[in-house]
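In: sharing a model prediction with you, sequence too.
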Protein chains: 2
Amino acid sequence: MSQPTICPKFEKAITILSQRWTALVIYQLLQGKQRFNELQSSIGISGKVLSDRLKDLEQKGLVKRDVIPDTPVVIEYSLTEKGYSMEPILRTIEDWSQNWVINED
Amino acid sequence: MSQPTICPKFEKAITILSQRWTALVIYQLLQGKQRFNELQSSIGISGKVLSDRLKDLEQKGLVKRDVIPDTPVVIEYSLTEKGYSMEPILRTIEDWSQNWVINED
DNA sequence: TCTAGTTAGTTACTTTATGTAACTTAGTTT
DNA sequence: AAACTAAGTTACATAAAGTAACTAACTAGA
């Protein structure tokens, strides 16, 4: 007696998005390439978790890590095409938040 | 030197959605009202966490809990208007997953 | 040159969140 | 009475996040 199980592709998408910080990292990168410390301070995430997330997103093909051989070396993170393809999701969340989230500061 | 901080309403929306299981619970309830055990078995979540999530979503005004005084009592969970207002988000994720998630079973 | 500062992380340790499985309460079927 | 179902709860184990200090390689300042 199993209910029609949820689509595995959908579940996978949800798994990505419901990992803490992931959506915010992608959202920040929609603004363009950024460096580790920029992400860290704009999102307010610890170095450890940011490092984990970036590795994870890179491995999933959503984020690209570029080493720019300046001196000193600069490391830039940016979205891949797949990463950018999530923009509509983030925009829909943005819209929803404007209409339904109450400010309570 | 703080980057233009992320909109608090958006962050709040992300906080809701990036809590593990929350999006799946809402997604299931888009199909209509359901009982505790139905949700549990269709989502594959433990009773403890489902119970936590439902309380949380109720408190946030996304889910409604109705006690139907049959004998024995039946408890039905359903989305509020605010809950249903998240449908576009879930549909956008659904679309994305169909186009970008690879099946690897 | 010695000191302090920056970038991009990593490590060790603590706290919080989730998972597992057994238990409960009330009513129900056999 | 014995076993079952619904809707949870409890206690305990494991995993994920947070915190803060540390590192390596370079740089700017006194």
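Out: Cool, the structure landed.
In: count the residues that sit near A:Thr87.
Out: Check again: residue A:87 is Glu, not Thr. 14 (other C-beta atoms under 10 Å in any protein chain shown). In short, each C-beta sits where N, CA and C put it, glycine included.
In: and it, how far is that from B:Thr71?
Out: 52 Å (C-beta to C-beta, to the nearest Å).
In: buried stuff in the helix or strand hosting A:Lys82?
Out: Assessed by DSSP states H and E, A:Lys82 sits inside helix A:81-84. Buried residues in helix A:81-84, counted by 16 or more other C-beta atoms under 10 Å in any protein chain shown: A:82-83.
In: export it as PDB, just CAs?
Out: Below are the C-alpha coordinates for helix A:81-84, written out as PDB (Å, rounded to 0.1, in the frame of the first residue of the first chain):
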ATOM      1  CA  GLU A  81      24.900  27.200 -17.200                       C
ATOM      2  CA  LYS A  82      23.200  24.700 -15.000                       C
ATOM      3  CA  GLY A  83      23.700  27.000 -12.000                       C
ATOM      4  CA  TYR A  84      22.100  29.900 -13.900                       C
END
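In: what sits up against it?
Out: If you take C-beta atoms under 8 Å, 6 or more residues apart in numbering or on different chains as the criterion, helix A:81-84 is touched by A:26, A:29-30, A:57, A:61-64, B:100.
In: now do stretch A:7-17
Out: A:22-23, A:60, A:62, A:89, B:17-18, B:23-24, B:27, B:93-94, B:96-98, B:100-101, B:103, B:105.
In: straight-line length of stretch A:38-53, end to end?
Out: Stretch A:38-53 has an end-to-end distance of 15 Å (C-alpha to C-alpha, to the nearest Å).
In: list the buried residues in it.
Out: A:39-40, A:42-43, A:45, A:50, A:53.
In: chain center to that stretch, what's the gap?
Out: Between the centre of stretch A:38-53 and the centre of its chain there are 11 Å (C-alpha atoms, centre = their mean, to the nearest Å).
In: cool, stretch A:21-28 as well?
Out: In terms of C-alpha atoms, centre = their mean, the centre of stretch A:21-28 is found 3 Å from the chain centre.
In: before we move on, the earlier item: show me which pair in the buried residues of stretch A:38-53 is furthest apart.
Out: A:Ser42 and A:Arg53 (13.8 Å; C-beta to C-beta).
In: distance of the residue in chain A positioned nearest to DNA strand D relative to B:Lys55?
Out: Relative to DNA strand D, the nearest point of chain A is A:Ser46 (3.0 Å; C-beta to the nearest atom of the strand). In this view, A:Ser46 and B:Lys55 are 28 Å apart by C-beta to C-beta.
In: do the same with A:Thr92
Out: Taking C-beta to C-beta, one finds A:Thr92 at 26 Å from B:Lys55.
In: quick check, pLDDT for A:Glu104.
Out: Per-residue confidence at A:Glu104 stands at 64 (pLDDT).
In: ok, now which ones touch the spatially most central residue of chain A?
Out: Per C-alpha atoms, centre = their mean, the C-alpha nearest to the average position across chain A is that of A:Ile26, at 2.6 Å. Counting by C-beta under 8 Å, 6+ apart, A:Ile26 touches A:57, A:62-63, A:79, A:83, A:86, A:90.
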